[in-house]
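S.K.: Turn this into a model:
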Amino acid sequence: MTEPVFPIAAIADQVPPRARKSLYPQAILDLHGARLAGREKRALGDLFGLQNFGVNLTRLAPAAISALRHAHSQQDEFIYILQGCPTLYTDAGPTPLSPGMCAGFKAGSGDAHRLVNESNDDVLYLEIGDRNVGDQVVYPDDDLQAGFVDNRFSFVHKDGTPY
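M.R.: This next block holds a predicted model:
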């Protein structure tokens with residue numbers, strides 16, 4: 001079997017965006033799809049074959065959201081704002097962000113988070129997260145929970161029934 005060949009370097013904003021806009025189940029997309037459609041991710045870590053953590057260059061159009069508000073049990077996450085002024089929503093409420101600002105979300109803290117672009121300009125940021133097996137994700141505002149199994153997220157309702 002031939003090993004894949006990864007580039008030595010790349011221009012981040014020229015990496016093709018992910019073909020699939022979201023991993024969420026269709027029922028969730030039916031509710032929130034318009035706001036998620038304004039999110040474009042370029043999987044920079046995947047481009048280089050990184051397996052222990054992911055790096056995405058993410059663009060949010062005006063009115064777009066980064067994700068449903070969520071918290072990970074095993075995955076640390078980090079964001080760094082490159083352009084624009086999103087609002088970070090956590091359990092503490094809204095926090096305005098601007099270029100050069102960053103935020104981290106410790107695994108197991110239970111503090112749910114997401115970014116919302118409430119401005120008229122695009123937001124561009126880096127998001128970094130590890131890929132720990134066994135990660136569980138809670139979504140306090142939605143009837144959704146997820147588990148990271150076999151290198152992918154599996155989604156169920158809060159009562160455990162599948163989507």
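S.K.: which parts of stretch 17-29 are buried?
M.R.: The neighbour-count check on stretch 17-29 (16 or more other CB atoms under 10 Å) flags 17-18, 22, 24-25, 28 as buried. The C-beta positions use only the backbone N, C-alpha and C, and glycine is treated the same way.
S.K.: One more: stretch 33-41?
M.R.: Within stretch 33-41, judged by 16+ other CB under 10 Å, the buried ones are 35-36, 38-41.
S.K.: so how far is the first residue of it from its last?
M.R.: Using CA to CA, to the nearest Å, the end-to-end distance of stretch 33-41 comes out at 15 Å.
S.K.: can you list the residues that contact it?
M.R.: 17-18, 21-22, 24, 29, 56-67, 117 (CB atoms under 8 Å, 6 or more residues apart in numbering).
S.K.: Check whether residue 61 really touches residue 124, as I assumed.
M.R.: No. Between residue 61 and residue 124 there is no contact under CB atoms under 8 Å: 10.8 Å.
S.K.: So what touches stretch 89-101?
M.R.: Taking CB under 8 Å, 6+ apart as the rule, stretch 89-101 contacts 69, 80-88, 103, 110-116.
S.K.: rewinding a little: just the buried residues of stretch 17-29 now: which is nearest residue 137?
M.R.: residue 24 (11.0 Å; CB to CB).
S.K.: one step back: neighbour count for residue 61 and residue 124, which is higher?
M.R.: Remark: of residue 61 and residue 124, residue 124 carries more neighbours, 18 against 14, as counted by other CB atoms under 10 Å.
S.K.: Which strand residues bridge residue 137?
M.R.: Bridge pairing for residue 137 (DSSP bridges) gives the partners residue 72, residue 146.
S.K.: who's in contact with it?
M.R.: 70-73, 75, 145-148, 153.
S.K.: Strands - which of the buried residues of stretch 17-29 land there?
M.R.: Judged by DSSP state E, strands contain none of those.
S.K.: how about the residues you listed in TSV, adding pLDDT and distance to residue 2?
M.R.: As requested, the buried residues of stretch 17-29 are exported to TSV (pLDDT from 0 to 100; distance: CB to CB, whole Å):
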residue	pLDDT	distance to residue 2
17	97	27
18	94	24
22	90	32
24	93	34
25	91	35
28	91	38
